[in-house]
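Chemist: the following comprises the amino acid sequence and a computationally predicted model.
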Amino acid sequence: MCLPAALWLAAAVEVHTAKEVVAVNGTNQRLRCSFSSSSPVGQQLAVSWNFQPEDLGSHELVSEIRVFYYQKEPYKPPSGRFKDRVTWDGNIERNDVSIMLWNLQPSDNGTFTCQVTNWPDVFGTIGEVRLRVVQKEIHFLVVAIGSASVLMIIVVTAVIICRQRRRKARAKRLEVADTEG
């Protein structure tokens, strides 16, 4: 059976991801990906997660790295940089095809793509997530600077309140002295 071209254009999978995720070096991070399809989810549903590293030089050409694959069941990568560092964290019945990355490293900086096909919806959007892995020190530095800023605001506010009270007390003493004199 051949479908008209208009039906093929209407039948498409829509994939939804966060645009950017920031995580601390050494931690674990869930990369969320969900989808919607005009067709019911079937046995031929396939999910492919790929990775394009950020740390490539301009002269380097590297194709995307396969991170994870799902069709009827999850398939972990047998080798490579994500071997033993990625697990399935999705729920097909809820249109959730997320994965969990373990022990993040600075070399994990880059763009992860999530692609879903659900026959006959084989075309559609590809979700992209840019992952930024930051050092713990930077994370703590941001928290420390934020805390110090809040503390400074509290101290400055307290000083201003004390000065205003002293001025009011001084003004009252002068007023009482003027009244008595």
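Modeler: Arrived safely, thanks for sending.

Chemist: in the protein, which spans are helices?
Modeler: Using DSSP state H, the helices assigned to the chain run over residues 5-10, 136-180.

Chemist: go ahead and confirm Arg81 touches Ile65.
Modeler: Yes. Counting by Cβ atoms under 8 Å, Arg81 does reach Ile65; the two are 6.8 Å apart. Yep, even glycine has a C-beta here, placed from its N, CA and C like the rest.

Chemist: follow-up on the earlier one: got CSV for the helices of the chain, with mean pLDDT too?
Modeler: Shown next, in CSV, are those (pLDDT from 0 to 100):
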stretch, mean pLDDT
helix 5-10, 46
helix 136-180, 79
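
Chemist: to Gln115, which of those lies closest?
Modeler: helix 5-10 (17.8 Å; Cβ to Cβ).

Chemist: give me the distance between the two termini of stretch 86-102.
Modeler: End-to-end distance for stretch 86-102: 6 Å, by Cα to Cα, to the nearest Å.

Chemist: and that stretch, how far from the chain's centre?
Modeler: The chain centroid and the centroid of stretch 86-102 are separated by 15 Å under Cα atoms, centre = their mean, to the nearest Å.

Chemist: buried residues in it?
Modeler: Buried residues in stretch 86-102, counted by 16 or more other Cβ atoms under 10 Å: Val86, Trp88, Asp89, Gly90, Asn95, Val97, Ser98, Ile99, Leu101.
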